[in-house]
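A.B. asks: curious how this folds, go ahead:
(one chain, ligands or ions: 1)
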Amino acid sequence: MILDQIAKDTQIRVAKKKEACPLEEIREKALACENTGEFPFEKALAGKEMSFICEVKRASPSKGVIAPVFPYLQIAEEYEKAGASAISCLTEPKYFLGQDRYLREIASKVNIPVLRKDFTVDSYQVYEAKVLGASAVLLICSLLEEETLRAYVELAHSLGLSALVEAHDEGEIEKALRAGTRILGVNNRNLKDFTVDVENSLRLRQQVPEDVIFVAESGIRTGEDIEKLKKGGVQAVLIGETLMRSRNKGKMLQELKEGKR
Ligand SMILES: O=P(O)(O)OC[C@@H](O)[C@@H](O)c1c[nH]c2ccccc12
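C.D. replies: This is a model prediction of the structure:
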């Protein structure tokens, strides 16, 4: 299964990073970073009718190269200008062609919070996200034992980072809630076979209490999708491909917001 393979490769990537900068060192760096205790990512998503998390993504295992030309900083600024609540930046290098420096540069350029989109399998990556300037980390339920998930959620919170915990079915939602997540994402894409079904997040919405921010992820293409999700009580959407394939990303985001697409 692709997810297992990505997780294995990620472990190797992290092991290499530890050789260059050991865990103790990255931890110290992370603790030295500013921590206002304000959770800007969570704040940016809360209290709106619908929040938009816009993704900077060059490629994916299911779609191959999505953006052959990839002016990531410009894209991030365009998202910000068009009213994105937050940015999601892929840092996984092998399957998504992401880079840590994309995140570092974007986070220092824009004034909206940035989510580090990676396959977290080691606490090292949570510290690293902080050092790179992220405001949030992605934690994928199916990659982590419940105790580990809880520990990473707590670690993230202790550093002033939010955790977007990604679940795909009822069991994973229960696990995420038990782990103390404040932001729960339901991925409409099944990472086991890449099928996409927007109804997945609508179906699972009822299982999540009101005080947990609910994010619908993947496969969102039209204003109609967004209307449907809004009506279903979804507070935020995470959109990648639809924006990345669009020539005028700002305009596309505007139109999605206005339901014109
Ligand atoms: O490009 P899309 O279909 O709009 O999807 C964006 C985002 O949800 C997707 O990239 C994603 C959701 N969960 C992930 C986990 C890892 C990597 C990527 C993802």
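
A.B. asks: give me the element Phe52 is part of.
C.D. replies: Applying DSSP states H and E as the criterion places Phe52 in strand 51-56.

A.B. asks: check the gap between the nearest residue to Glu55 once chain neighbours are set aside and Val65 for me.
C.D. replies: The shortest distance from Glu55 to any non-neighbouring residue, by Cβ to Cβ, 6 or more residues apart in numbering, is to Gly240 (3.5 Å). From N, CA and C alone the C-beta is placed, and that goes for glycine too. Gly240 sits at a distance of 13 Å from Val65 (criterion: Cβ to Cβ, to the nearest Å).

A.B. asks: now do the contacts for the residue of the chain found nearest the ligand.
C.D. replies: Residue of the chain nearest the ligand, by Cβ to the nearest ligand atom: Gly240 (2.7 Å). Contact analysis of Gly240 by Cβ atoms under 8 Å, 6 or more residues apart in numbering lists Cys54, Glu55, Lys57, Ser60, Ile66, Ser88, Ser218.

A.B. asks: just grab the bridge partners of the first one for me.
C.D. replies: Cys54 forms beta bridges with Ile87, Ile239, as assigned by DSSP bridges.

A.B. asks: so Ile12, which state does it fall into?
C.D. replies: In three-state terms, and counting by DSSP: H, G, I helix; E, B strand; the rest coil, Ile12 is helix.

A.B. asks: that one: neighbour count?
C.D. replies: 10 (other Cβ atoms under 10 Å).

A.B. asks: now Asp9
C.D. replies: By other Cβ under 10 Å, the residues close to Asp9 number 16.

A.B. asks: what do you get for Lys81?
C.D. replies: That count, for Lys81 with other Cβ under 10 Å as the rule, works out to 12.

A.B. asks: can you check Gln74 too?
C.D. replies: That count, for Gln74 with other Cβ under 10 Å as the rule, works out to 11.

A.B. asks: need the contact partners of the one helix or strand it maps to.
C.D. replies: Applying DSSP H and E as the criterion places Gln74 in helix 72-81. Helix 72-81 has contacts (Cβ under 8 Å, 6+ apart) with 54, 56, 58, 87, 89, 102, 105-106, 109-112, 114, 243-244, 249-250, 253.

A.B. asks: please spell out the PyMOL selection for the buried subset of those.
C.D. replies: Only the buried entries of the contacts of helix 72-81 go into this PyMOL selection, using 16 or more other Cβ atoms under 10 Å:
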select buried, resi 54+56+58+87+89+102+105+106+109+110+112+114+243+244+249+250+253
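
A.B. asks: from the contacts of helix 72-81, which are also near the ligand?
C.D. replies: Taking Cβ under 6 Å from any ligand atom as the test, the ligand is in contact with none of the contacts of helix 72-81.

A.B. asks: which of the contacts of helix 72-81 fall within strands?
C.D. replies: If you go by DSSP state E, those have Cys54, Val56, Ile87, Cys89, Val114 in strands.
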